[in-house]
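Trainee: Following is a predicted model, sequence given first.
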Amino acid sequence: MRSDEIHYNGDMTTNPKLNVRRAGERGHADHGWLDSWHTFSFADYYDPAHMGFRSLRVINDDRIAAGGGFPTHPHRDMEIFSYLLKLRPGDKASHELAAGRGLWLHIAKGSISVNGIELVGGDAISLEEPGAIEITATADASEAILFDLR
């Protein structure tokens, strides 16, 4: 566990232990046509403290230059999916995490409060203990990607 992670230790039923990964801690690669931010170790970015979360191995925030793009390339032994929450200021959502599961919430843009912890675009939060989280949008056009994993 990294010393700069924030932990919220409250009543585990309504305020489970949350681990925050701030946007500025992520790996970065700028290839000209591709500007990429890596949440976990990926390509030339290696961080042994952030190799993935449960079965989740890659969350890259890629900005591709106009007229650019990835050449065709294979992916094997994986699923590519996302569950996007689009929220307006004041919108609320809640999620109950069952025993044996893990949650990763990545803030794509805007700002969101999770159980009172403020997160901005590029930040992420994880949870591995049963409990509930409440998500509240605090900025216009906030978006978050929620992963509920075995």
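Mentor: Received it, and whenever you're ready, just let me know what you need.

Trainee: How about the contacts made by the closest residue to Met78 other than its chain neighbours?
Mentor: Leaving aside its sequence neighbours, Met78 sits nearest to Arg57 (CB to CB, 6 or more residues apart in numbering; 7.5 Å). Glycine gets a C-beta too; all of them are placed from N, C-alpha and C. Counting by CB atoms under 8 Å, 6 or more residues apart in numbering, Arg57 makes contact with 40, 51, 78.

Trainee: Most distant residue from the centre of this protein?
Mentor: Each residue of the chain has a distance to the centre, and by CA atoms, centre = their mean the biggest one is for Gly67: 27.7 Å.

Trainee: Secondary structure element for that one, which one?
Mentor: Assigned by DSSP states H and E, Gly67 belongs to neither a helix nor a strand.

Trainee: Most neighbours among the contacts of Arg57, which one is it?
Mentor: Counting neighbours by other CB atoms under 10 Å, the top entry in these is Phe40, with 20 neighbours.

Trainee: Wait, that residue touches Ala49, no?
Mentor: No: applying CB atoms under 8 Å as the test, Phe40 and Ala49 come out as separate, 9.8 Å apart.
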